[in-house]
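# dropping a prediction and its sequence here:
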Amino acid sequence: MDAAGIEKNPRDFESQIIKQERKCRDVVVLIIFIAFWIAMIVNSSFAFNKGNPLRLTYGLDYKGNVCGNRHANPDLRELELQYWLNPNQVYESGLKHSQLKLENAKSICLIECPIPSDDALNWVCDYPEGDIRLSVDDWIDRNFDYFEFLTPDMRNSSLQLQGPCYPVIFPSVNVHWSCQFIARASNMSLQHWEQMGGVHIIEDIRIDKSIHRSINSRSAVLKRYVADVGKSWPVLIVCGGIVPLFLSIVWLLLIRYFVSGMPWITIIIFNVLIISTTMFYYLKAGWIGNNAITPIIGEHDPYIHIFGREQSHLHAVAVLMTIVMIVAVLSSIAIARRILMATSVLKVAAKVIGEVQALIIFPVIPYILLAIIYMFWFSATMYLFSSGQILQNDCKSNCCAYDLGSKRVNCDTCCGYRIHYTPHISVSILFHLFGCYWATQFFIACSSTVIAGSVASYYWVRGETSKEITFLPVMSSMNQLMRYNLGSVALGSVIVPFAKFLRSPFESIRRRLKGANITTETKIAKLASGSSRCCLGCIGWIMKSANRNAYIMIAITGEGFFRASGAATRLIMNNILRIRRVNVIGDVILFLGKLCISLSSVVFAFLMLDSYRYSSAHNKISSPLLPVLVCWALGYVVATLFFAVVEMSIDTIILSFCQDSEEHQGTAQYAPTLLIETLDDQNDKQRLIQGSS
């Protein structure tokens, strides 16, 4: 009751705190955000026009066609393996100072790697054309061999290793869709070749190493990693989308109905999952069991062992995961004795979720929007990484090959082809990656702002339940966000990463200038020192203020991002002694909960990728590393969307408590009883600890 004896209506006070008369904020940033996404669409359209995901997996033939391309001439839809025809060219490309590079050695697309015969000499001939009256299907049925149809000139040219037919002397094995030679020539085939008067064929280990070095180059490995993501898209949908969605909703329901046991359950499950994930990496790295990844595709001689760069990467990740596992397990044990503190904090959020039940299902909306954006983004990524122009090399090596079209040996256009990447493609890729990050942060920020507005409405009516409380706050908060605060949210979702990026160079300048001798500083050095300190102070303030508390004040007051950040920081600092220990352990438990969801996605991804579909034949992936990492990231994003219900509930209640205290001379009038008991309990514990020390 006030001084006049008239009791105030909580909803009247709510309308004063949660401002209803608003106006659009940070409009310029919203315009920039819209322009940015127009640029993203233009950038993606360029990728769809210039890219071809087949280039990430398959090589080029001597005509510049991508193996496996059904639109090539001839149709190569079944011919996916790149095979180098001339073994002497392969050897020469392996020499240290050779002018001939492997990309200029003559290659062709085949269905399978050819095998030397035990009693005759097998041949692989060029695509049939000119005087060779065979269809591509007939050529395939004849195992790519039409040597018997060659004219004497063609035969003589073939015996000089100039085509159109080339002998199969060395066995080869399918390594990442390229036929890698095994430097053990077939004695019978070599004998037949020499009897026919063929030129000398060099037997050397360089024949093996030259192709192996090309297959394991950094650019080739990067392409295969990106291709792995495209091949495993069903895994991304199931393990990166459906599994974390289901587990996140289950986790929220458990928080609602079984809050007392959730911290213990979260810690136990986290430890089990982190250990399981580490063991999967050990399995795939080959340190446990016999389920290690192999670069060889299909059936092969079990005595052939080829080591790929992907396996080295798995070894490094297995070591890293071992360290992370040890630190995580020890840290979870260390916080076990403070579980009761986390339970008391989570109970506050559980009560809010129980009253505003729409909060549990609201994150499905940003989840669906993000899912649509991710599908578009991943598709554009495949094309962007494979964009470029196929051009013939300008090689200086002395190479000649028989041209069936002109019916003669041609030494002018025998150079190979390569994919030419223009300089702006790398910029486009970075722009595309940043676009995904900004879009993710934007939708998380939008979701957080809506949740904060809903919970604030609940706080300022003292938790009174009514028919309106279930859905009205959520719908009202969404309406205010869409009409007034999208610009502020767009600014907040991009400013933190920029602040972190800018902090490092200024910090480096500060440390360098701090170590310099003050007495010998020049005016320029003093000016630089002062400027760097000023910039560090500004960036430090931005980093300190730009957090989810700003979204709470945006939802409550409708102010722009910077004003809301300042107001939130001021409230927290003025009440730091009362609330500094309330939600620290609660945040840790929530973070572990997110990791549980994302690690569950990782475990399910490992299991799916271990199936026959992804471990052999057409859809075989080079390594589970990147698909698993993408599933982890997607799982973490989904968990963040849903766990924001609990996080923002706690933070909004606490920030509203601070605002309530300031409005009523240090005594909160609208705080839920459970929150007051939690704060008083933690403050009593803090005083006891200080008193006993």
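Done, it's in.

# just the CA trace of stretch 107-127, in PDB.
The C-alpha trace of stretch 107-127 is given here as PDB (Å, rounded to 0.1, in the frame of the first residue of the first chain):
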ATOM      1  CA  SER A 107      45.100 -39.100 -67.300                       C
ATOM      2  CA  ILE A 108      41.800 -40.600 -68.100                       C
ATOM      3  CA  CYS A 109      38.600 -41.500 -66.200                       C
ATOM      4  CA  LEU A 110      37.800 -45.200 -65.600                       C
ATOM      5  CA  ILE A 111      35.300 -47.300 -63.700                       C
ATOM      6  CA  GLU A 112      38.000 -49.200 -61.800                       C
ATOM      7  CA  CYS A 113      41.800 -49.300 -61.600                       C
ATOM      8  CA  PRO A 114      43.200 -51.700 -64.300                       C
ATOM      9  CA  ILE A 115      45.100 -54.800 -63.300                       C
ATOM     10  CA  PRO A 116      48.100 -56.300 -65.200                       C
ATOM     11  CA  SER A 117      47.400 -59.600 -66.800                       C
ATOM     12  CA  ASP A 118      49.300 -62.800 -65.700                       C
ATOM     13  CA  ASP A 119      49.500 -64.200 -69.300                       C
ATOM     14  CA  ALA A 120      49.100 -61.300 -71.700                       C
ATOM     15  CA  LEU A 121      49.400 -57.500 -71.900                       C
ATOM     16  CA  ASN A 122      46.400 -55.400 -71.000                       C
ATOM     17  CA  TRP A 123      45.900 -52.000 -72.500                       C
ATOM     18  CA  VAL A 124      44.000 -48.800 -71.600                       C
ATOM     19  CA  CYS A 125      43.200 -46.700 -74.600                       C
ATOM     20  CA  ASP A 126      41.900 -43.100 -75.100                       C
ATOM     21  CA  TYR A 127      38.200 -42.400 -75.300                       C
END
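
# please shift the residue numbers so they start at 14 in all later answers.
OK, 14 is where the count begins now, so the last one is stretch 120-140.

# what comes up buried for it?
Buried residues in stretch 120-140, counted by 16 or more other Cβ atoms under 10 Å: 120-123, 126-127, 129, 134-140. In this view, the C-beta of every residue, glycine as well, is placed from N, C-alpha and C.

# any stretches of this structure with poor pLDDT?
14-34, 315, 350-358, 410, 474-485, 509-561, 588-599, 677-706 (pLDDT under 70).

# and it, what are its domains?
Domain segmentation of the chain under the TED database yields 43-60+233-302+319-475+482-524+549-700, 94-229.

# gap between the last one and the chain center?
Chain-centre distance of domain 94-229: 40 Å, with Cα atoms, centre = their mean, to the nearest Å.

# same check on the first one?
On the basis of Cα atoms, centre = their mean, the separation between the geometric centre of domain 43-60+233-302+319-475+482-524+549-700 and that of its chain is 10 Å.

# residues in contact with stretch 562-572?
Stretch 562-572 is contacted from outside by 30-32, 35-36, 38, 458, 461-463, 465-466, 469, 490, 493-494, 497-498, 501-502, 505, 573-574, 576-578, 580-582, 585, 661, 664-665, 668-669, 672, using Cβ atoms under 8 Å, 6 or more residues apart in numbering.

# how about the longest helix out of those in the chain: buried residues?
If you go by DSSP state H, the chain has its longest helix at helix 638-676. Applying a neighbour-count criterion of 16+ other Cβ under 10 Å, one finds 638-641, 643-645, 647-674 buried in helix 638-676.

# residue 42 versus residue 453, what's the distance?
Residue 453 sits 17 Å away from residue 42, taking Cβ to Cβ, to the nearest Å as the criterion.

# so residue 421 touches residue 414, yeah?
No - contact criterion Cβ atoms under 8 Å: residue 421 and residue 414 do not qualify, at 10.4 Å.

# with the buried residues of stretch 120-140 in mind, which one is nearest to residue 629?
Nearest to residue 629 among these is residue 126, at 15.3 Å by Cβ to Cβ.
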